[in-house]
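A.B. asks: Quick one, fold the following:
(one chain, ligands or ions: 1)
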Amino acid sequence: MKLPENTPEHLDGYVKIDRYNAESIDRIASHYKDVIEAIGENPERQGLQKTPERVAKALQFLTHGYDLNPEEILSGAMFEEEYSQMVVVKDIEVYSMCEHHMLPFFGKAHIAYIPNGHIVGLSKIPRVVDAFARRLQVQERMTNEIRDCIQQTLNPLGVAVVIECKHLCMAMRGIQKQNSVTTTSAFTGEFAKEKTRSEFLRLITASLD
Ligand SMILES: [Zn+2]
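C.D. replies: This next block holds a predicted model:
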């Protein structure tokens with residue numbers, strides 16, 4: 001899938017997808033028509049006639065992270081700043097799809113970094129999460145990818161990433177553990193220290209109320 005280049009969104013390293021690649025929509029839709037038949041349904045009945053196209057558009061949106069460059073998202077919004085305390089962005093919504101079953105997993109990400117001369121626009125952190133989440137993923141790899149992207153681009157004194165998600169492939173099929181939550185974490189630098197990591201964990205569990 002390739003989207004038009006040189007749009008303002010592209011220059012910002014970020015593409016908001018509300019347009020679709022017609023060629024790949026057609027291709028995905030024709031396969032989904034087969035899938036509908038293969039599971040024993042009639043793709044011509046009224047309620048299903050437009051389903052292949054709708055599924056194709058949904059899928060294209062759900063995987064639009066492939067068109068985003070998370071390093072650019074960060075490097076386009078870095079500022080020199082002497083602030084050297086921990087910066088925490090918590091409760092970032094995550095919507096992704098497991099690469100084993102292509103079923104959703106979703107939940108929250110909590111991210112911190114300790115600046116080393118540079119800070120980044122706060123809205124960019126959730127965008128980086130989205131750039132990695134909107135792909136076929138496993139939660140463990142996504143956690144490391146987010147950590148590595150922030151570490152390599154911003155070069156902070158440390159990065160911490162904690163992600164908590166429910167996986168529909170666990171809830172809806174197989175073992176049917178409806179309410180289990182999978183937690184993954186990844187740290188660099190200062191967060192290797194017990195004291196720094198506890199401070200981060202205290203901040204992400206603290207409530208504002
Ligand atoms: Zn799965």
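A.B. asks: Could you pull up the contacting residues of Ile92?
C.D. replies: Lys108, Ala109, His110, Ile111, Ile125, Pro126, Val129 (C-beta atoms under 8 Å, 6 or more residues apart in numbering). No exception for glycine: its C-beta is placed from N, CA and C like everyone else's.
A.B. asks: List the buried residues for the helix or strand harbouring it?
C.D. replies: Using DSSP states H and E, Ile92 maps to strand 87-98. Neighbour-count burial for strand 87-98, counted by 16 or more other C-beta atoms under 10 Å, picks out Val87, Val88, Val89, Ile92, Val94, Ser96, Met97, Cys98.
A.B. asks: need the residues you listed in a markdown table with distance to the ion and pLDDT, can you?
C.D. replies: A markdown table is the format used below for these (distance: C-beta to the ion, whole Å; pLDDT from 0 to 100):
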| residue | distance to the ion | pLDDT |
| --- | --- | --- |
| Val87 | 32 | 96 |
| Val88 | 29 | 96 |
| Val89 | 27 | 97 |
| Ile92 | 21 | 97 |
| Val94 | 15 | 98 |
| Ser96 | 11 | 98 |
| Met97 | 9 | 97 |
| Cys98 | 3 | 97 |
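A.B. asks: quick one on the thing from earlier: off-centre distance for the strand holding Ile92?
C.D. replies: Its chain's C-alpha centre and that of strand 87-98 lie 7 Å apart, by C-alpha atoms, centre = their mean, to the nearest Å.
A.B. asks: do you know how far Leu154 is from Val89?
C.D. replies: The spacing between Leu154 and Val89, counted by C-beta to C-beta, to the nearest Å, is 13 Å.
A.B. asks: need the residues of the chain near the ion, please.
C.D. replies: Within the chain, the residues that sit near the ion (C-beta under 5 Å from the ion) are Cys98, His100, His101, Cys169.
A.B. asks: Now which of those would you call buried?
C.D. replies: Cys98, His101, Cys169.
A.B. asks: Surely the last one is in a strand?
C.D. replies: No - in this structure, Cys169 is helix, not part of a strand, as judged by DSSP: H, G, I helix; E, B strand; the rest coil.
A.B. asks: quick one: contacts for it?
C.D. replies: For Cys169, the contacting residues are Cys98, His100, His101, Leu103, Phe105, by C-beta under 8 Å, 6+ apart.
A.B. asks: now, the most widely separated pair of those?
C.D. replies: Across the contacts of Cys169, no pair lies farther apart than His100 and Phe105, at 10.4 Å, counting by C-beta to C-beta.
A.B. asks: now the strands: where do they sit in this protein?
C.D. replies: 78-80, 87-98, 104-114, 118-120, 136-137, 158-167, 182-187 (DSSP state E).
A.B. asks: excluding its backbone neighbours, what's nearest Arg135?
C.D. replies: Gly65 (4.3 Å; C-beta to C-beta, 6 or more residues apart in numbering).
A.B. asks: Do I have it right that the one you found meets Arg134?
C.D. replies: Yes - judged on C-beta atoms under 8 Å, Gly65 makes contact with Arg134 at a distance of 3.3 Å.
A.B. asks: What is the burial count for the residue nearest to His118 when sequence neighbours are not counted?
C.D. replies: Using C-beta to C-beta, 6+ apart and skipping residues adjacent in sequence, the residue nearest His118 is Met78, 4.9 Å away. Using other C-beta atoms under 10 Å, the number of residues around Met78 comes to 17.
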